[in-house]
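[1] How does the following fold in three dimensions:
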Amino acid sequence: MTHSAYPMPAMPAHSRGTTLLLNVAHAIDHMFLLIFATAISVIAADFGMASWEQLMPYGAASFLLFGLGSIPAGRLGDLWGRRPMMQVFFFGMGASALLVAATQNAWQMAVALALLGAFASIYHPVGIPMLLQTTPRPGWTIGVNGLTGNLGIALAALSTGVAVKYVGWRAAFALPGIVAIGCGIVFARITPAEAHAPAKRAARTEAIPAAVVARVFLVMTTAAATGGLLFNFTTNGNPELLKERLDGIVNDPAALGLLMAIVYAVASLAQLVVGWLLDRYPLKRIYVAILALQPPLFLLAAHAQGWRLYALQILFMIAVFGAIPFTDVLIARYVDDRMRSRVAGVRLAISLGVSSIAVALLGPVVKAAGFPMLLVVLALVAMCTLATVAFLPGDARSLQPAE
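    Have a look, this model is predicted:
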């Protein structure tokens with residue numbers, strides 16, 4: 001196994017169109033997975049269920065396959081090619097979203113969402129390494145990519161709220177599905193075929209000691225698992241948390257969707273700042289600083305009401321989104337591009353497989369203990385992430401070979 005230091009691009013840069021579509025794909029990935037959580041109250045009522053908490057566990061399979069599917073997706077990305085895998089992503093996401101829109105009961109919904117999760121698993125181990133293979137500034141590239149991904153979350157909140165109010169929840173899946181298929185057609189036309197699959201290319205960088213890489217991988221995977229729990233609990237629970245705490249102040253679905261979109265849009269900007277910092281300063285120092293913000297913010301939000309809760313929701317999502325770029329930058333700095341999709345796939349399968357538990361437990365936990373207890377638990381999980389990251393080596397940039 002060849003482990004590399006900070007990657008030095010030796011391939012022609014992607015065209016602006018390809019780069020744009022790779023970033024749009026990240027928005028599609030996160031948007032599609034959260035339409036269900038945003039519209040769940042309406043879908044539950046349409047299916048004859050008494051509350052959204054009863055329907056939430058039916059979405060767990062989508063997040064489980066979102067994680068487990070990363071292993072075969074990463075392997076195919078390295079051995080078959082990243083361009084063809086991204087075509088599968090665009091067309092698969094579009095088709096499965098249309099299938100979700102056609103479901104008539106909870107079990108049909110569960111199967112369709114599982115298929116959606118399987119196609120969604122392609123993006124992170126394939127699309128992000130495809131972006132990184134041609135960039136000299138991985139921190140900034142991942143920051144921009146993270147911004148677009150989280151703007152997809154904001155778009156899910158906004159577009160779903162508007163669709164639910166004016167045309168129904170089915171259109172919230174069907175219309176983006178058509179857009180995804182259109183993006184796939186454009187991507188196939190403007191992105192040239194790869195001369196060789198990544199696994200068949202020559203190594204471009206020097207080796208890092210295997211013991212250091214193993215340590216980084218262990219810390220990275222553990223921190224990604226706990227961070228994934230925070231991400232899934234918050235992004236899936238935020239719409240209902242906001243609805244509960246603003247009850248009597250804001251009750252219109254479109255207005256709540258707009259407020260939720262503002263939370264995600266503002267929080268997404270943190271990724272640009274973090275990406276810029278990662279190209280200039282020691283990774284561990286920045287990572288620890290971001291993680292240290294999470295526990296007190298969750299604890300303050302536990303019993304906050306009204307607009308105070310809304311302000312805290314923006315702040316804790318800034319801290320959650322701000323922590324996202326670090327694992328991809330670690331992979332970029334330590335793993336050779338020839339096997340980057342496979343390493344990312346294994347890491348994602350472990351972390352997202354664990355964090356998929358959040359989706360299954362969200363409804364029952366909130367129903368049994370309420371949002372205050374959930375937010376206290378999130379503060380404890382954040383402390384675990386912080387303790388794990390303390391075991392990272394010092395500055396990874398010191399291991400970078402001379403140019």
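
[2] in this protein, which ranges drop under the pLDDT threshold?
    Applying pLDDT under 70 to the chain picks out residues 1-12, 201-208, 355-356, 358-360, 394-403.

[3] Now do the strands in it.
    Assigned by DSSP state E, the chain shows no strands.

[4] Can you pull up the most central residue in it?
    residue 30 (5.8 Å; Cα atoms, centre = their mean).

[5] quick one: contacts for that one?
    The contact partners of residue 30, taken as Cβ atoms under 8 Å, 6 or more residues apart in numbering, are 149-150, 152-153, 156, 235. C-beta: built from backbone N, CA, C; applies to glycine.

[6] where exactly do the helices run in the stretch 1-150 of the chain?
    For the stretch 1-150 of the chain, the helices identified by DSSP state H, counting those that start in this stretch occupy 16-46, 52-55, 60-68, 70-79, 82-101, 106-120, 123-132, 138-166, in order along the chain.

[7] Would you mind telling me which of those helices is nearest residue 228?
    Counting by Cβ to Cβ, residue 228 lies closest to helix 60-68 out of these; the figure is 8.1 Å.

[8] hmm, back to that, quick check: the residue nearest to the centre of the chain vs residue 149, distance?
    Residue 30 sits at a distance of 5 Å from residue 149 (criterion: Cβ to Cβ, to the nearest Å).

[9] residues near residue 184, how many?
    Burial of residue 184 is recorded as 23 neighbouring residues (other Cβ atoms under 10 Å).

[10] Please look at it and residue 94 and confirm they touch.
    Yes: the criterion here is Cβ atoms under 8 Å, and residue 184 meets it with residue 94 at 6.7 Å.

[11] which one's the longest helix in the chain?
    Ranked by number of residues, the top helix in the chain under DSSP state H is helix 340-389.

[12] between that helix and helix 70-79, how many degrees?
    Going by axes from the mean of the first three to the mean of the last three Cα atoms, to 10 degrees, helix 340-389 is angled at 130 degrees with respect to helix 70-79.

[13] how much does helix 340-389 deviate in direction from helix 82-101?
    Counting by the same axes, to 10 degrees, helix 340-389 points 70 degrees away from the direction of helix 82-101.

[14] quick one: helix 340-389 to chain centroid distance?
    Taking Cα atoms, centre = their mean, to the nearest Å, one finds the center of helix 340-389 at 13 Å from the center of the full chain.

[15] how far off helix 60-68 does that helix point, in degrees?
    Between the direction of helix 340-389 and that of helix 60-68, the angle (the same axes, to 10 degrees) works out to 110 degrees.

[16] Determine the number of other residues adjacent to the closest residue to the residue nearest to the centre of the chain other than its chain neighbours.
    When the adjacent residues along the chain are set aside, residue 30 lies closest to residue 152, with 4.1 Å between them (Cβ to Cβ, 6 or more residues apart in numbering). Using other Cβ under 10 Å, residue 152 has 24 neighbouring residues.

[17] roughly how far apart are residue 294 and residue 177?
    34 Å.

[18] Count the neighbours of the nearest residue to residue 337 once chain neighbours are set aside for me.
    Using Cβ to Cβ, 6+ apart and skipping residues adjacent in sequence, the residue nearest residue 337 is residue 133, 5.1 Å away. Residues lying near residue 133 (other Cβ under 10 Å) number 23.

[19] how many other residues sit next to residue 286?
    Using other Cβ under 10 Å as the criterion, residue 286 is surrounded by 21 other residues.

[20] Now do the same contact list for it.
    Counting by Cβ under 8 Å, 6+ apart, residue 286 touches 274, 277-278, 326.

[21] Likewise for residue 262?
    Listed by Cβ under 8 Å, 6+ apart, the contact partners of residue 262 are 154, 314.

[22] run the last query once more with 7 Å
    For residue 262, no residue meets the contact criterion (Cβ atoms under 7 Å, 6 or more residues apart in numbering).

[23] Likewise for the one 5 residues further on?
    With contact taken as Cβ under 7 Å, 6+ apart, residue 267 is in contact with 150, 314, 317-318, 321.

[24] go on, residue 113?
    Taking Cβ under 7 Å, 6+ apart as the contact definition, residue 113 lies against 36, 59, 61-62, 100.

[25] What helices and strands are in contact with the longest helix of the chain?
    The criterion is 3 or more Cβ pairs under 7 Å, 6 or more residues apart in numbering; DSSP states H and E, and the helices and strands that helix 340-389 contacts are helix 52-55, helix 60-68, helix 70-79, helix 123-132, helix 210-245, helix 283-301, helix 325-334.
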